[in-house]
Each structure stands twice: as structure tokens, then as C-alpha cells.
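K.L.:
predicted model and sequence follow; I will ask about them next.
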Amino acid sequence: GTPTRRILTEKIAPRKQLPPLLVPLTETPAPRLDWIGTSYGLTAPLHRFWRRAGMRLLYLRQTQNDLTGEHSCIMVRALPRRTGYDDAWLPAFVADARRRIVALLGGSFRHVDVRTALALLDGCEGGASPAVPAENEGAHAAIEKRSGTDTGALVAEELRYVLTPHDLKRLELYGRNLCDHHLVTDLVSSLARLYFRGRFGADFRLSSIQGALLCGIGLQFKSVDELTKELGLPGNQVLAMFNKAVRKMSAYLRRLVEAEEESKLLGGEAREKAEKDVEKMGDVARQTLVEDTKEAAAEGNKSDTNTLDENLLNDKEIVQHIIGEKGKHLEKETTPVRKKTAPAKDKSHSKAKGKKSGKKRKNPKGSE
């Protein structure tokens, strides 16, 4: 009755109708898989191979393997689903890996060859999102919101928190070959972070050499001499390509700021209000107040004052306020002329004056 007793008394013999150990794949239903992945030691050829197979980088170990000296790498490819809802998780992880690698290229991954570093960043590109049916658009938007993916092209308001107007002027001067590249070295890191996180927009692209220089100088903090050795290019050509990249990025940022200023001046409610004010002022003469006053005075002098009512012309109080020569002439005509009369002489006063004006008496001594 016990299991041990049955084993001891069991007779070993071939069994019938046992399930087969190996089954043909054509007879086995495929399991429902969400993704397939691979893990390997990071090298440029292996990364290129798996990237062409549609794999996306999700993890890169910061420490090197003790035996091979390579960084362990994990790449994943999401398998398409009918709804498209379950495919939205991969871009979120890819964007997170991209931000981490951008931040660590100046530290744990500084010794990585600049070509491999650029390939890692290109392999982390978000790409186009899978097609999402209309019934799952809300859920897909919620996943993107929680994933912390990049918010798209940069706007001028965000740019002020990264670069000041003085910084933009320095970039412009370097792009015009008016200063040395050392003057903008502190700004290259900010430009590189914006570019490799896709903040310059989907239409803005640099060449592979320009991207490698931007990655090496801005993210890995390598010198121009180090990049010259890694890329195998002469120093003057490296500086020329770097100058061209900075000039292109500076022009993009300048257009961004100019577009914002133009929208403030000519757009929105302010523009409509200004247009209404201009329409109201359409009949206003284009002259100053002083010019308008002089013109009115000249026209008043030319006008004929005889057209006024006779009662007004005979009114002395009104005539004296008429402007111009005719006003003065009318004022003279209406003002009566007064004859001057000599004051009457006082006879008593003249007689007394005549007595005083007579000859004085002589002093007996002969003196007056």
C-alpha cells in the first residue's frame, strides 16, 4: 500500500501510449510572446548587428567585466500585438535608457570609443510609435505621460533656463569665426544634451562626424587632440566640422528666439487690438500739433472776414479776438478816435507866477 512498497515490487517494463519527448514545430502552437531579447558584451560590431535586427538598448552596465573588459548590454525587441496597446511600454524604457547614457558618458563610459558612444545614442532613438487604434488612444497617452519621455522640440521659454542671451551671442560669434573654440567649450555640454535628447526637433540633423564631435566634446569631455586620434582626421578638419555644427545649432536657436519675439509683437489679441486702433486713426493727419496749428492760422488769415455777420463785426469785444492782419484792421476801424484837448490855464496861478518872476531887489551892499 505504501509508495515505497510499490516501488520495490514494481516490475519495470516498456509502457504504452506515453507522450513523445520531441514534437515537430509544425505541430506545436506558438506561445504568445510579448518581446524577445539578447544580452552580450558591448562591442561595436555586435551592437551594429543586433541594432539591424530591430533590437533596442534598454540597459548598459556601468562596470566592466573582469575577464573581457566589456560592458554588459541588454537589448529588447517588442513583438507586435493586435491592439497596439501593449507596445507602448518599450519607448518609455528606451527613453529612460537614453537619458541615463547621456548623463553617464562623461563618467563611467568616458573611455568608450566615440563611434561606439554615438552608436549607443543612435540606437536609443525613440522612433515612431506603433499605430494605436482609436479605442486605445487614451490608454496610450497615459502610458506616454507616465513614461517620462522627451517632450518634443525645444521652445524659447525653456531655452532661457539653459542658455542666456550672452551665451547665444558667444555661439554666434564662434559660428562666424570671430573667437576661439575655447570660448564656447562650457556651452557644448548643454547643446549636446539638448540635441541627443531630441529637443532640436525631428527635422534637425547633424552629420555623423559632427554628431561624433558633439558627443565627444560635449558628453564625454574629450579634448580635440583625443578626438583627432580616435577619428583619424587632421586637427584643422576636426575644428572646421565642429564649427559648422555649432553654427548650425546657433542659427536654429536664434530662429527660435526670433519666432517667439515675432509672435509676441504681431500675434494674438494684442495684434487684433493694434489693428483696430490703426483703423480708428486712419483719418488722422500725419503732422504734429504745432504744424496743425500753424496751418489752421494760415487758413484763417486767408479767409474773408467780411462773411461774418455785421452784428459780430460791430461788436468790439469779438473783433479784438480776430487773428491776423484783417483783425487788426477791423479793430482800428471800430475803435473811435479821441481828440486831445489842452488843459485850461489857471489865471490866478499865472499871475502869482508872474509876480515871482520879476526882478529881485538889490542888496544895499551890492550883493544879491
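P.N.:
Yep, it's here.
K.L.:
ok, for residue 256, nearest residue in space, not its chain neighbours?
P.N.:
Computed as Cβ to Cβ, 6 or more residues apart in numbering, the closest residue to residue 256 that is not its neighbour in sequence is residue 156, at 5.3 Å. (C-beta placed from N, C-alpha, C; glycine too.)
K.L.:
test my guess that the one you found contacts residue 259.
P.N.:
Yes. Using Cβ atoms under 8 Å, residue 156 is in contact with residue 259, at 7.4 Å.
K.L.:
the two - which one has more neighbours?
P.N.:
residue 156 (15 against 12; other Cβ atoms under 10 Å).
K.L.:
could I get the contacting residues of that one?
P.N.:
Contact analysis of residue 156 by Cβ atoms under 8 Å, 6 or more residues apart in numbering lists 256-257, 259-260.
K.L.:
returning to what we had before: find me the pLDDT at the residue nearest to residue 256, would you?
P.N.:
Note for residue 156: predicted pLDDT of 82.
K.L.:
please tell me how far it sits from residue 254.
P.N.:
Using Cβ to Cβ, to the nearest Å, residue 156 is found at 11 Å from residue 254.
K.L.:
what is the least confident helix or strand in the chain?
P.N.:
helix 347-356 (a mean of 48; mean pLDDT, DSSP states H and E).
K.L.:
what lies in contact with stretch 218-232?
P.N.:
In contact with stretch 218-232 (Cβ under 8 Å, 6+ apart) are residues 102, 105-106, 109-110, 112-115, 117, 181, 188-193, 196, 209, 212-213, 216-217, 234-235, 238-239, 242.
K.L.:
filter those down to the buried ones.
P.N.:
By neighbour count, with 16 or more other Cβ atoms under 10 Å, the contacts of stretch 218-232 hold 102, 105, 109, 112, 114, 117, 188, 191-193, 196, 209, 212-213, 216-217, 238, 242 as buried.
K.L.:
low-confidence ranges, the stretch 151-300 of the chain, go.
P.N.:
151, 266-268, 281-287, 300 (pLDDT under 70).
K.L.:
show me where it has its helices.
P.N.:
For the stretch 151-300 of the chain, helices defined by DSSP state H, counting those that start in this stretch occupy the ranges 156-159, 165-175, 185-196, 208-218, 224-231, 235-266, 268-280, 289-302.
K.L.:
so what does the longest one touch, helix or strand wise?
P.N.:
If you count contacts as 3 or more Cβ pairs under 8 Å, 6 or more residues apart in numbering; DSSP states H and E, helix 235-266 packs onto helix 156-159, helix 165-175, helix 185-196, helix 208-218, helix 224-231.
K.L.:
let me know the angle separating the third one from helix 165-175.
P.N.:
For helix 185-196 against helix 165-175, the angle between stretch directions is 90 degrees (axes from the mean of the first three to the mean of the last three Cα atoms, to 10 degrees).
K.L.:
related to what we said a few turns ago, export the contacts of residue 156 to TSV and append columns for distance to residue 230.
P.N.:
Below are those laid out as TSV (distance: Cβ to Cβ, whole Å):
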residue	distance to residue 230
256	32
257	35
259	38
260	39
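K.L.:
quick one: buried ones out of these?
P.N.:
Buried among the contacts of residue 156 by 16+ other Cβ under 10 Å: residue 256.
K.L.:
chain neighbours aside, what residue packs nearest to residue 270?
P.N.:
Leaving out its chain neighbours, the residue that sits closest to residue 270 by Cβ to Cβ, 6+ apart is residue 264, at 7.5 Å.
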